[in-house]
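Asker: Quick one: sequence and predicted model below, then my questions.
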Amino acid sequence: MTEPELPKRGRRAGHGADTIYWDAAKNRYVGAVSLGYAPDGKRRRPKVYGKTKTEVRQKIRDLKKEVQSGVKAPANYTVTDAVNDWLDRGLKGRDEKGTIGKNRSMANKHLIPVIGKAKLKELSADDVDDWLDDRAEFLATRSLRDLLAILRRSIAHAQRRDKAARNVALLVTAPEGRPGRPSKALNLKQAQAVLLAARPSRLYAYLVLSLLSGVRTEEARPLTWDHVYLETEDGVPPHVAVWRSVRKHGETKTRKSRRTIALPKQVVDVLEEHKRWQMQERASKGMEWRPTGRVFSTRSGEPLDAANVRRDFKAIVKKAGLAPEWTPRELRHSFVSLLSDHGIPLERIAQLVGHTSQATTEAVYRKQLRPVITQGAEAMDEIFSQHDGEAPAEGEDETPPED
């Protein structure tokens, strides 16, 4: 009688070898990879899953490549994780409201909602191209480049943390986006209308200083009274020392942006009134007025931020009858335009706004009196004094023209 043939026994994987087996509970093939031992002595044997053995073998090969390259990319590490890690840990020392705030706002609006759920290890250059092409319908070219830079830096930060093998964003070029809105400048009638509409506002002195002296909004917000010289001696005109901004560590945009400029008489009058009003307001609230305090602040005495200024300026522009898209930074463009129309040489205007490529005039700082740039103040006094008190001609529309 012939004995029945016994089933062949499967060959068992050797000690430390990779294993692929079927897991009925998960309805998947499982691949167990041996990667030696961790520093604590525990065996490192991660698992991968797939519907077929071929898929599992490929995942095992990919995992080993990552180990050989020294990169241990987490399987569930997403684009959102990479971006947030970069914002939280890769920009230490940067201004939270400036650089970090701007990048976080852009990422939360245009990056994370679109490709944030993608696993970083699976992100391809085609995915990045498709994402940018989609955003190109809504954003200007400059914004698209900024977005791509955020993704590139986020992946680069992940690479430095061994969470990404390569940076696919470096393989992509930002496409052309929508045409950006060019900066504009108020003409004289529009500028007068804005100042008239701002007269009852606590932002009035801020706007007068910005429009008639050309300081940047980031330079006006941190301005303190000890840098404003309304009473002077020895023939030195009233002036303001622009030596600080709201940038990190209070630095101006460039070293050449540090400058001292004379103030037009209209600005001096408005700032003197603003100072008296501010001292009365502080006294009525039991607050001490300090000569080193900020020239411009909120009702509670806190520093103005860009959002405060934009919100109030938008309401003022609307009241003046202008289109709502005007921004505070365009007061500086208007300053340049008005001076240019008045015949002031371009090189002098550049010096006034801190754009000269040569060494600027030595500035006044605290009690040390130095030469002051006066042409801007003199021109603004002449420009606005010519039109003060003039009544519109009969039949002339008092409404300022729309830009």
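Answerer: Cool, got the structure.
Asker: from here on, contacts and neighbour counts on C-alpha atoms
Answerer: Noted.
Asker: Now do the helices in the chain.
Answerer: 53-69, 79-89, 101-106, 112-115, 125-135, 141-160, 188-198, 204-213, 217-220, 265-284, 306-319, 330-341, 346-352, 375-385 (DSSP state H).
Asker: Which of those helices sits closest to Asn167?
Answerer: The minimum distance between Asn167 and these falls on helix 141-160, with 5.9 Å, by C-alpha to C-alpha.
Asker: Which positions in that closest one come out as buried?
Answerer: By 16 or more other C-alpha atoms under 10 Å, the buried positions in helix 141-160 come out as 141, 143-145, 147-159.
Asker: Single out the most deeply packed of the helices of the chain.
Answerer: With neighbours defined as mean count of other C-alpha atoms under 10 Å, the helices of the chain peak in mean count at helix 204-213, which reaches a mean of 24.
Asker: returning to what we had before: pick out the shakiest of the helices of the chain, pLDDT-wise.
Answerer: Among those, helix 346-352 has the lowest mean pLDDT, at a mean of 71.
Asker: Switch the helices of the chain over to JSON lines; also include distance to Thr298.
Answerer: Compiled in JSON lines, the helices of the chain are given as follows (distance: least, C-alpha to C-alpha, whole Å):
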{"stretch": "helix 53-69", "distance to Thr298": "54"}
{"stretch": "helix 79-89", "distance to Thr298": "29"}
{"stretch": "helix 101-106", "distance to Thr298": "21"}
{"stretch": "helix 112-115", "distance to Thr298": "34"}
{"stretch": "helix 125-135", "distance to Thr298": "37"}
{"stretch": "helix 141-160", "distance to Thr298": "31"}
{"stretch": "helix 188-198", "distance to Thr298": "16"}
{"stretch": "helix 204-213", "distance to Thr298": "12"}
{"stretch": "helix 217-220", "distance to Thr298": "14"}
{"stretch": "helix 265-284", "distance to Thr298": "11"}
{"stretch": "helix 306-319", "distance to Thr298": "8"}
{"stretch": "helix 330-341", "distance to Thr298": "21"}
{"stretch": "helix 346-352", "distance to Thr298": "28"}
{"stretch": "helix 375-385", "distance to Thr298": "28"}
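Asker: So for Gly180, which of these sits nearest?
Answerer: Proximity to Gly180 (C-alpha to C-alpha) singles out helix 141-160 among the helices of the chain, at 7.5 Å.
Asker: which other helices and strands contact the closest one?
Answerer: When contacts are defined as 3 or more C-alpha pairs under 8 Å, 6 or more residues apart in numbering; DSSP states H and E, helix 141-160 sits against helix 79-89, helix 125-135.
Asker: got the contact list for Ala82?
Answerer: Leu120, Ser154, Ile155, His157, Ala158 (C-alpha atoms under 8 Å, 6 or more residues apart in numbering).
Asker: Ser334: which of these is nearest?
Answerer: Looking at the contacts of Ala82 and their distance to Ser334, the nearest is Ser154, at 38.1 Å (C-alpha to C-alpha).
Asker: What are the neighbouring residues in contact with that closest one?
Answerer: Contacts for Ser154 (C-alpha under 8 Å, 6+ apart) come out as Ala82, Val83, Asp85, Trp86, Leu87.
Asker: related to what we said a few turns ago, of all the helices and strands packed on helix 141-160, which one comes closest to Leu209?
Answerer: helix 79-89 (35.3 Å).
Asker: Reformat the contacts of Ser154 as JSON lines; add distance to Gly301.
Answerer: What follows is the contacts of Ser154, written out as JSON lines (distance: C-alpha to C-alpha, whole Å):
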{"residue": "Ala82", "distance to Gly301": "39"}
{"residue": "Val83", "distance to Gly301": "35"}
{"residue": "Asp85", "distance to Gly301": "35"}
{"residue": "Trp86", "distance to Gly301": "34"}
{"residue": "Leu87", "distance to Gly301": "30"}
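Asker: Tell me the confidence at the nearest residue to Val79 once chain neighbours are set aside?
Answerer: In this structure, Val79 finds its nearest non-sequential neighbour in Gly116, 4.8 Å apart by C-alpha to C-alpha, 6 or more residues apart in numbering. On pLDDT, Gly116 comes in at 94.
Asker: List the residues that contact the closest residue to Glu231 other than its chain neighbours.
Answerer: Leaving aside its chain neighbours, Glu231 sits nearest to Pro238 (6.1 Å; criterion: C-alpha to C-alpha, 6+ apart). With contact set as C-alpha under 8 Å, 6+ apart, Pro238 has these partners: Tyr229, Leu230, Glu231, Thr232, Ala262, Leu263, Val268.
Asker: who wins for neighbours among these?
Answerer: Leu263 (29 neighbours; other C-alpha atoms under 10 Å).
Asker: what's around the nearest residue to Asp18 once chain neighbours are set aside, how many residues?
Answerer: Leaving aside its sequence neighbours, Asp18 sits nearest to Val33 (C-alpha to C-alpha, 6+ apart; 4.8 Å). Neighbours of Val33 under the rule other C-alpha under 10 Å: 20.
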